[in-house]
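In: Take a look and give me a structure for this.
(2 chains)
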2 protein chains.
Amino acid sequence: MNLSKNSLKAIDNIFNPASIAIVGASENPASFGYQFMKYVIDYGYRGKIYPVSPKAKQIMGHKSYADLLGIPGNVDYVICCIKASLVINLLYQCAQKNVKGVHLLTGRLSETGNIESKKLEKDIANIAKEFGIHLIGPNCVGIYNPKVGIGFNHDLPKESGSVGAIVQSGGVGGELVRYAGIRGIRFSKAVSYGNAADLNESDFLEYFFYDDNTKLIVLYIEGVRDGPRFVRTLDRVTKKKPVLVLKGGKGEVGLRAVASHTASMAGRADIWETLCRQVNTVNASGISELIDLMVTFDFLHPFAGKKVGVIGGGGGKSILAADQCEAAGLKVIPMPDYTKSFIKSKDEALAGWMDNPVDFSILSGPNITSRDLLNTMATDPDFDLLIANLTEDNPYGEKLWTEWIKNETKEYLNIASKKLKPLAVVIGNPEIGFQEHKHWRWKTMSEQRTILTDAKIPVFNSADRAASSLVKMTTYYKKLIKN
Amino acid sequence: MNLSKNSLKAIDNIFNPASIAIVGASENPASFGYQFMKYVIDYGYRGKIYPVSPKAKQIMGHKSYADLLGIPGNVDYVICCIKASLVINLLYQCAQKNVKGVHLLTGRLSETGNIESKKLEKDIANIAKEFGIHLIGPNCVGIYNPKVGIGFNHDLPKESGSVGAIVQSGGVGGELVRYAGIRGIRFSKAVSYGNAADLNESDFLEYFFYDDNTKLIVLYIEGVRDGPRFVRTLDRVTKKKPVLVLKGGKGEVGLRAVASHTASMAGRADIWETLCRQVNTVNASGISELIDLMVTFDFLHPFAGKKVGVIGGGGGKSILAADQCEAAGLKVIPMPDYTKSFIKSKDEALAGWMDNPVDFSILSGPNITSRDLLNTMATDPDFDLLIANLTEDNPYGEKLWTEWIKNETKEYLNIASKKLKPLAVVIGNPEIGFQEHKHWRWKTMSEQRTILTDAKIPVFNSADRAASSLVKMTTYYKKLIKN
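Out: This next block holds a predicted model:
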């Protein structure tokens, strides 16, 4: 690992500043200077907030300063929302104020491909280095630390958790944290680092490696600054904490497009794949899968077996779910003896009929309840894990349908609370339109999703997505044990 | 093709009965006799409704009869919700009343694996044949024909459209029609045919082949009754209308589980794949993909090119979308000359920077608007199609974010209305919980989804799903032209 204790401390200070100056702060809602004022105020930042603006006396209730030098107290961290040509002058002021961390939201630098802009970015980086100032960016949204009350977008969770996110792109950062938040994921910290003129992916990986509040690391990366260091760092980090990776800019697109986004070299797709095989990262193909993996790794205890019991839903639904489990690499074994004997003891006729996957619609009848069956499967030593479909395909109208769904959720909570086996629940997620937002069916399904998520039971929108993430988890832990 | 004109007419009568007897009708909401009364009443069936029940005088406002023979008028169609042991007696009554079509909801027959039940099902089929009665089922939910007002589940669209659905499983049938309905799909008719003791997949394929109201056919199938006929039929049908297929019970699961669901032989996965290669079906891996394909084939005019322009979203979002397009088999070409010259004429600096995929966040500035750019790309002869990401990753708060999103939707409507190129729009679909149902962000996104869907623009929840369906459409039409 490369970073000195001082550098690690400096990064930690950036994530936990006691005071922040927002240079280019504004009350114009179309400006970034406005957004970043909101991002500290709305998330309840408890340190000092210093807006810096040439004209304003006050911005959003905070006394404003014409320049950094006019600020009376210490400034720990500067968020720079002014245009590129003004950055170097700002860095001189930062040096005078002994600022150690600067986030450059400022873009239109090397990502434009323009020679002068590239040179300017290099000059900025060199001057910052000379002054001992660490830079995040340029061309990024900086940090999100709910614990101290700093956001980098609207509508993100205000509570903190144990996932650390390193996200090169600001837009992806906001979307990732927001969408993952809805799935029940909470973050220790997140950082969007853009063009990485100074601090880069490997620096943040090291930081999260040592950060006790971070148990799981996610990485969205377009281009790597220093390949060998990145591989070394990943190799070390993945032995201690799982690292979930989404690569932006693969193949032809990557060779062309990431340069104009974060001024990165994406590298050829085959080089990236070789790299991934060398280290035990868990790789996602898109944001949705990345979040599926976050939920899987964050909510479930490590496990490595693949023999799955598929429960819930009617015949077609359970068969399709079983197909998808099989296609993803899980083993949908025939109903094992322990559960089979139990069914036989309750209902002889059902024993020759009911198998794995379990068609819930044939359970109806007084002899055997879903609770009994679920408990039995959860204690059956031949199953490594269970995937449950919420039986939303039951044929009833509002009242009975809702009762069924709610009872089923309770049963899943019940077996999950016993912690006998990893359990994932599948709840459909149709692309609802405006009318459906008010409909009892979709509201009830969303409610069950919330209840299960609050209990840290991973909820997926289809069985194939559940199965695929669960298989990737077993692969990670198997490799981890081998090494 | 196998069916006689008489048989086709008989199936058409089943879909369009002038009177229906619901045998086993009930006011107990937990019974199927209740559900099927609701399924005709709620969908506004305009023919005669005759509940049949041993005791009731009246059910849901309709005079009830102790048996079929007591009904004064003609009975075109019988929905049978009574237990298996009573079915043969009912068939004798049907013969006396000259009923030509019977839907057997009744289950617990051959799917139980029980020898006596299998024999009973065979007897039922033989007797029906002898009487010239066509059966749907047993063990299925029968027909959905919004035009005449017959449903087979709750909350399905009441308007009819041009998609015909053949769905072996009742649960899958309900879910498919409901979820597809939300995506803007409307059906000519749908049928769930369960154990297929009489009418089977090939019969319904033939029926939809001739049905002028059906332009697109979807098929969920667990097991085929007559393989050679099925292949012959599919081969003929797919030359006239696209057939989208979802197979339930592949691999190991199929060999075991579909017998206990619809008493079918799933067949080995490799046999199924060989079959699919022989005919030009479009195959889906799950219900979600099946619906994606329905939206693609139903909303878009046939096309076969793969050169895609990717627009909308910030840098990371557009790069990830382009990656997924590439992975799915589309060609994300560099920005072609026509569009490049246009950009250059408006903003020299941007011309060296802006490429395909288009990062919408760098468009801001007075020189070039998204409308101009979209219009140019839509008329650029080098693009075969466009995929647009709604720029939900824009960094603003409620007011500006909403304005942006709504304006963008208008731009997409504008270029789609000119019908210059196939256009698909991607709008994220997070797994929202109870709280998010009320949130402005998700309500606004759902609203845009509704607006675009109403204009018959296919909306997908991710770029990879859009790309995958679009590629499958090009493959179908390419094969069609070759043959």
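
In: which stretches of the stretch 101-250 of chain A form helices?
Out: A:115-130, A:170-182, A:201-210, A:227-238 (DSSP state H, counting those that start in this stretch).

In: Next, the angle from the shortest one to helix A:227-238.
Out: Same thing as helix A:201-210. 20 degrees (axes from the mean of the first three to the mean of the last three C-alpha atoms, to 10 degrees).

In: neighbouring contacts of helix A:201-210?
Out: Here helix A:201-210 makes contact (C-beta atoms under 8 Å, 6 or more residues apart in numbering or on different chains) with A:1-3, A:7-8, A:11-12, A:164, A:166, A:168, A:188-189, A:191, A:193, A:214, A:217, A:219, A:221, A:224-226, A:229-230, A:233-234, A:236-237, A:240-241, A:243. To be clear about C-beta, it is placed using only N, CA and C from the backbone, and glycine gets the same treatment.

In: Now do the same for whatever residue of the stretch 251-400 of chain A ends up closest to chain B: helix, strand or coil?
Out: Relative to chain B, the nearest point of the stretch 251-400 of chain A is A:Gly316 (2.9 Å; C-beta to the nearest C-beta). With DSSP: H, G, I helix; E, B strand; the rest coil as the basis, A:Gly316 sits in helix.

In: That one against B:Tyr220, yeah?
Out: Yes - if you go by C-beta atoms under 8 Å, A:Gly316 and B:Tyr220 touch, sitting 6.9 Å apart.

In: Any chance you could list residues touching both of those two?
Out: Common neighbours of A:Gly316 and B:Tyr220, using C-beta under 8 Å, 6+ apart, are B:Val167, B:Gln168, B:Ser169, B:Val172, B:Gly248.

In: ok, and which of these reach chain A?
Out: With C-beta under 8 Å from any C-beta of the partner chain as the criterion, those include B:Val167, B:Gln168, B:Ser169, B:Val172, B:Gly248 near chain A.

In: Let's see the pLDDT reported for the residue lying closest to the first one once chain neighbours are set aside.
Out: With sequence-adjacent residues excluded and distances taken as C-beta to C-beta, 6 or more residues apart in numbering or on different chains, B:Val167 is closest to B:Gly173, at 3.8 Å. Looking at B:Gly173, its pLDDT reads 97.

In: again, but for A:Met335
Out: 96.

In: what sits against A:Ala66?
Out: A:Val52, A:Ser53, A:Pro54, A:Lys55.

In: residue contacts, the closest residue to chain B within the stretch 151-300 of chain A?
Out: Ranking the residues of the stretch 151-300 of chain A by distance to chain B (C-beta to the nearest C-beta) places A:Ser169 first, at 2.9 Å. Remark: with contacts taken as C-beta under 8 Å, 6+ apart, A:Ser169 is in contact with A:140, A:192, A:194, A:220, A:222, A:248, A:261-262, B:314-317, B:319.

In: And those, which is closest to A:Pro336?
Out: Using C-beta to C-beta, A:Tyr220 comes nearest to A:Pro336 of the contacts of A:Ser169, at 40.9 Å.

In: what pairs with the closest one across the strands?
Out: A:Val167, A:Leu246 (DSSP bridges).

In: care to break chain A down by domain?
Out: With domains defined by automatic domain parsing, chain A comprises A:5-136, A:142-298, A:308-482.

In: which of the ones you listed sits most buried?
Out: domain A:142-298 (a mean of 22; mean count of other C-beta atoms under 10 Å in any protein chain shown).

In: now the end-to-end length of stretch A:49-58.
Out: 11 Å (C-alpha to C-alpha, to the nearest Å).

In: average model confidence for that stretch?
Out: Per-residue scores along stretch A:49-58 average to 96.

In: can you tell me how far A:Asn13 sits from A:Met1?
Out: 19 Å (C-beta to C-beta, to the nearest Å).

In: Start from the N-terminal end of the stretch 151-300 of chain A and give the strands.
Out: With DSSP state E, counting those that start in this stretch, the ranges of strands along the stretch 151-300 of chain A come out as A:160-167, A:187-192, A:216-221, A:243-247, A:282-284.
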